[in-house]
Structures are given as C-alpha cells and as structure tokens.
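Enquirer: Need a 3D model of the sequence below.
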Amino acid sequence: LAQTLVEEAAHLGDQNYKKKYIDKDITLRADHTPTTIEWQVNWKKGQTYTLHYTILFPPMSPEYYLVGPLAIGSFAEARQWQIASDATLCWDGGGVDNNYNTAANWAGDANPITTSNITFHGATCTAGTPDKSITLNVNVALTGTGGGITLSSDYTGTMTQASGVTITVDTLGFSIAGGTFAGGNSAINVNDATSADFNQTGGTFTSTSGTMTVADNFTSSAGTFTHNSGSVVLSIADGGSATLNTNKTFNNLDLGNGGCLVDDTMTITNGTTTTVTGTFTLNNTCGAPTLDVTVTIVAQGNITSIDQGVENRTTTTEIIVSGTADQIITGETDTDTKFPSLNITKTGGSLTFVNTLLATGNFTNSATNTTFTSTGSTIIFNPNGNNTRTITGSISLNNVTITGCASAEHILASGTTLTVLGNLSL
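Expert: So this is what the prediction gives:
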C-alpha cells in the first residue's frame, strides 16, 4: 500500500514544510521522487481500517500541491488530488507582546502578507496561545486574493484597532463569530465589491468611530454590534450588489455611497428593523431601486436622499421618523429624489422638510408635540407602479403635487386634513 505526495519543486527543503502525526505503521520514503508514504498492513476480510496523515504546507498563496494517487496492490486512483492553499495564517500568540507586526505571534513566525486570511482559534488554528489578544498597531492591508480576517467562534480574546490604524481587507472580508473587536478612530474598509462581506454571527464588535465601508454584504445576525458614534457606508460599485441584513443600531448609515443602485442590486433582508440614530442617507446616482419586502428603518436623526433615492413597491417598506430632537428630511432641487413610505411618529422637537421630496409610498403623520417647518419645500406624491398609497394624519406642507392614475394614486384617509401653504398641483 502506498500514498504518494508530490511536492512543488520550488518548496523542496523548505523548513516550513512538515509531515506530522505520522502513524507508527507509516514509512516515509524521502529517498523516492516524489516522496512516498507507505503503510505496511495485515488486513483481514470484513474489517474496516482507517489510514491517515496530516501535512502542513508552507503558508503561501496562491499555491497548490499534488497528493496521490493512492495505490493498493494493483489498484491505483486515476489521478492525483490538487490541494489548494488559501493562505490561512493562524495567530498562535508566541511573541513577547500582542502586536500584529511581531512575527513570533504567527504560525511559522512570519508576518501576514497581503494574501493572508488571518485566523484566530479556528478549527486548524489551535497551536500555541490562540486566544491571546492582539493589537493592530500598524496599518493592516490584506488586499490580495484570499486576504481577510476571521475571528472564529472559539476565540475568546480581543482584537484592538489602535488609534490612527486603518484596516483594509478584500476577498474574504471580515468575519466575526466569537471574541471581541474594539474599533479605534480610523477607517475599516471591506473592499472587494464581488465577494468581501462583513459577517457577524457572534462575538462583540465595536466599530470604529470613523467610517466603516463595506463594498458587498453587511450581516450582523447575532452577537453585539456597537456603532461607537461612527459611520457605516454600504458602498456599491456599478453593476455590483449588496445586502443589509441586521436588526442592529447604527449611528450614521449611508446606503449606496453614490453608486448606481438599480433593481435587485441592493437588498434589505425581509423582516428586519434597522435603527439609525444619526444621519440616514439614501445615496444613489441612477435608477432608484425598489424595495418590495417588509423592512423598517427607524430614523432618529436627519434623513437625506441624494440623486435618485429609494422607492418601494409595497406598503410594508417604511422609514419611521421617531426622534425626539430636531430632525431634517432633505431631498434635492430636482423632482426625482425618491423616498419609500414615511411614518412620522415623533413625540417632540421639530421636523423640517428641505428641497423636493418624491413620496412613492404611504405618508403617515401621528406626531405629537412636534413643530413642522416646510418653507420653500415641495412634496410630490407619486405612487410607484400600479399601487394605491394613503396619506394619513393631518399635516401642513408648503408646495404639494399629487400625480398618478386610476391604478396608481394617493388617497386621503378618513379624518385627514392636508393643508397646502404654498402651491397645489394636481
């Protein structure tokens, strides 16, 4: 019985290349080309046997290695196996400090490179002190193919972003399932528009007090997410796509970042409620995307819609304006800056409308103890698609335009008085 291992010629003699956990019945025939692992066995009919070995490949990526074929007597596999290296680099905490740039803290005593997926106490990262905390004391640039950060569910340490340090990851994004991330005051960039996600399924994540930009999907389905008074930008490149999947609270949230959001490029997960305590920005340069799921965004600060904004097909997508302090809803000076359904539930402060707002959904006002200011502004009620929208709750507005058709119209709910202080266009 023989199993052959073909080593990449360039790595022959590499000290990082090790064969470990060899069974006592294994003979390692290094004198062969390629290296051969042989088991001498005495098998009996009807019995089950397990043969195994573990190989630690050099921490290089992109790279692949050939293993096999397995041969048993006259039988041999038809081909070799190709083993790809994804450049997982384990944190083993072997250094005298907690610093990111101390080589002894990493498996193989080599600092991360741009293609490294730095991993903390993962299934294959248990050697040394895998739960030791880490300080990101220098800029982190994991920007090559395979670059990313993974805090596994077994990790119990803390990753700290030091003041002034930026973090940039690409292909594999930023994943946290355990441990703690303590953000600093500088940028966190999850850059790859096709595959780089921020994915939190556990642990505690305190964001930067600066700006965190995610170019693909943002998911925080479990664990604790703290905004740290910073900003989160869901930045979508032309032709890209992104999903916001969370019930968490943000300070400032920018959906789009000036990207071209067309239908089906931006998704907010059905059934979620996202709270924004600072400024909520709908930042879209072309073809306003339509939201046709049950989504609630609770806006407790200012709301700004830039360029095309966001519209909705159903009545279950809405922005709840619920702050108790003064708030401003700002459109643009043209007539195509769209808003989904607005539900004003304020219990104090003031609400000011600025420029032109194109209301594509329901418009509901149940605010109390709130002062409304609409001087110079225009509200256009223009339902999306073949839908009927409802204006509920008495309110005074400046200029009002109501458009639609027999199958797409706005109606005034019973008991509602709409007072137009400026011009009314029908």
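Enquirer: low pLDDT regions in the stretch 201-350 of the chain?
Expert: 236-242, 257-267, 284-295, 307-316 (pLDDT under 70).
Enquirer: Swap in 80 and give it another go.
Expert: Filtered on pLDDT under 80, the stretch 201-350 of the chain yields the residue ranges 216, 235-243, 256-272, 283-295, 306-317, 335-338.
Enquirer: before we move on, what about the stretch 51-200 of the chain?
Expert: Where the stretch 51-200 of the chain drops to pLDDT under 80, the residues are 51-70, 72-73, 79-87, 192-196.
Enquirer: ok, now with 50
Expert: Applying pLDDT under 50 to the stretch 51-200 of the chain picks out residues 62.
Enquirer: what helix or strand is V400 on?
Expert: Taking DSSP states H and E as the criterion, V400 maps to strand 399-402.
Enquirer: Which other helices and strands does that strand contact?
Expert: Packed against strand 399-402 by the contact rule (3 or more Cβ pairs under 8 Å, 6 or more residues apart in numbering; DSSP states H and E) you find strand 378-381, strand 418-420, strand 424-425. From N, CA and C alone the C-beta is placed, and that goes for glycine too.
Enquirer: these two touch, right, L151 and G203?
Expert: Yes. Using Cβ atoms under 8 Å, L151 makes contact with G203 at a distance of 6.0 Å.
Enquirer: ok, and which of the helices and strands packed on strand 399-402 has the densest surroundings?
Expert: strand 378-381 (a mean of 22; mean count of other Cβ atoms under 10 Å).
Enquirer: Mind putting the helices and strands packed on strand 399-402 into CSV with distance to G46 and mean pLDDT?
Expert: Formatted as CSV, those follow (distance: least, Cβ to Cβ, whole Å; pLDDT from 0 to 100):
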stretch, distance to G46, mean pLDDT
strand 378-381, 79, 92
strand 418-420, 86, 96
strand 424-425, 88, 94
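Enquirer: mind checking the end-to-end distance for stretch 393-402?
Expert: The first and final residues of stretch 393-402 sit 16 Å from each other (Cα to Cα, to the nearest Å).
Enquirer: list the residues that contact both of L151 and G203?
Expert: Residues touching both L151 and G203 (Cβ atoms under 8 Å, 6 or more residues apart in numbering) are 176-179, 181.
Enquirer: Find the nearest non-adjacent residue to N98, please.
Expert: Using Cβ to Cβ, 6 or more residues apart in numbering and skipping the chain neighbours, the partner closest in space to N98 is T135 (4.8 Å).
Enquirer: Output whichever helix or strand comes after the strand holding V400 as CSV, restricted to C-alpha atoms.
Expert: Note on strand 399-402: by DSSP H and E, the next helix or strand toward the C-terminus is strand 409-412. Written as CSV, here are the backbone C-alpha positions of strand 409-412 (Å, rounded to 0.1, in the frame of the first residue of the first chain):
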residue,chain,number,x,y,z
GLU,A,409,-53.0,57.0,-6.8
HIS,A,410,-52.7,58.7,-3.4
ILE,A,411,-55.8,58.9,-1.3
LEU,A,412,-56.6,60.9,1.8
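Enquirer: Nearest to T246 among the shared contacts of L151 and G203?
Expert: I176 (13.1 Å; Cβ to Cβ).
Enquirer: can you tell me which residues contact the closest one?
Expert: I176 makes contact with 151, 199-203, 205, 223, according to Cβ under 8 Å, 6+ apart.
Enquirer: cool, and T281?
Expert: By Cβ under 8 Å, 6+ apart, the residues touching T281 are 252-256, 303-306.
Enquirer: likewise T211?
Expert: Counted by Cβ under 8 Å, 6+ apart, T211 has contacts 187-188, 230-233.
Enquirer: what about the helices in the stretch 1-150 of the chain?
Expert: Shown for the stretch 1-150 of the chain, no helices are assigned by DSSP state H, counting those that start in this stretch.
Enquirer: Which residue ranges of it form strands?
Expert: Secondary structure of the stretch 1-150 of the chain, counting by DSSP state E, counting those that start in this stretch: strands at 2-6, 18-20, 26-29, 35-39, 54-56, 63-72, 75-76, 81-85, 88-90, 117-120, 134-136, 140-142, 148-151.
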